[in-house]
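> Provided below are the primary sequence and the corresponding predicted coordinates.
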Amino acid sequence: EDKVVQSPLSLVVHEGDTVTLNCSYEVTNFRSLLWYKQEKKAPTFLFMLTSSGIEKKSGRLSSILDKKELSSILNITATQTGDSAIYLCAAVSQGGSEKLVFGKGTKLTVNP
Amino acid sequence: DAGVIQSPRHEVTEMGQEVTLRCKPISGHNSLFWYRQTMMRGLELLIYFNNNVPIDDSGMPEDRFSAKMPNASFSTLKIQPSEPRDSAVYFCASRFAGQGSAFFGQGTRLTVV
């Protein structure tokens, strides 16, 4: 059974801290990994990772995939209260009919 | 494009009633996913379609749940009869298979009393 596990499940930090969120996956015919941010409504897309070792970066957020370890990390530097959200990762299986399996998410709270 | 459109946004119904959730995917997307989100279980994949054909419905909790996609621009998720434990936020998402990320609708918050 395809599975995605995220850790920690929740995290509380102070503004300015750097955080690292983890995602590990076991998926048949892995194709790519997606990161999303969910505030009060729908998840919004952050990154798609396909190749191992290549960092994707957007402002203070960055992410990298390790296919050997079947894992990915999402880093947020100089956190702000607006970064408070649930961060979800999803593994995409390869093939004509691709399936997206999500982890349970990491709830990040950034306190002022 | 307006994005993935779900309706209704909120639904409150009594136990035993039939509930129908609706989704219009982004035009041109050929994969559609139905998810259910709760605090306990997170985001669970219920069923997904590729080119309007159901591919994997192993996540559908029981026979009370059914989903259809009669054409490329419309899908429904039906619960009959509904139970209080079905209370959750139901998301629909679409993507173009083989390319990019999935885009989510705003969700339907279902409360069964």
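Yep, that arrived. Numbering: from 1, shown residues only, chains lettered A, B, ... in the order given.
> next secondary structure after whichever strand or helix holds residue A:20?
For residue A:20, the host element (DSSP states H and E) is strand A:19-26. Going down the chain from strand A:19-26, the next helix or strand is strand A:30-38, by DSSP H and E.
> which elements pack onto that next one?
strand A:19-26, strand A:44-49, strand A:71-76, strand A:85-93, strand B:99-104 (3 or more Cβ pairs under 8 Å, 6 or more residues apart in numbering or on different chains; DSSP states H and E). Backbone N, C-alpha and C define where each C-beta goes, glycine included.
> if you set the cut-off to 10 Å instead, what comes out?
Taking 3 or more Cβ pairs under 10 Å, 6 or more residues apart in numbering or on different chains; DSSP states H and E as contact, the helices and strands that strand A:30-38 lies on are strand A:19-26, strand A:44-49, strand A:61-66, strand A:71-76, strand A:85-93, strand A:100-102, strand B:99-104.
> what are the pairing partners of it, and which direction each?
strand A:44-49 (antiparallel), strand A:85-93 (antiparallel) (DSSP bridges).
> residues of that strand that come out buried?
Within strand A:30-38, the residues that count as buried by 16 or more other Cβ atoms under 10 Å in any protein chain shown are A:30, A:32-38.
> could you export those residues as a markdown table, including pLDDT and distance to residue B:86?
As requested, the buried residues of strand A:30-38 are exported to a markdown table (pLDDT from 0 to 100; distance: Cβ to Cβ, whole Å):
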| residue | pLDDT | distance to residue B:86 |
| --- | --- | --- |
| A:30 | 90 | 32 |
| A:32 | 92 | 31 |
| A:33 | 95 | 30 |
| A:34 | 95 | 27 |
| A:35 | 97 | 29 |
| A:36 | 97 | 24 |
| A:37 | 97 | 27 |
| A:38 | 96 | 21 |
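> looking at the residues you listed, which one is closest to residue B:50?
Proximity to residue B:50 was ranked across the buried residues of strand A:30-38 by Cβ to Cβ; first place goes to residue A:32, at 16.4 Å.
> isn't the closest one up against residue A:51?
Yes - with contact defined as Cβ atoms under 10 Å, residue A:32 counts as touching residue A:51 (9.1 Å).
> so which of the strands paired with strand A:30-38 comes closest to residue A:11?
Here strand A:85-93 is closest among those (Cβ to Cβ), at 9.3 Å.
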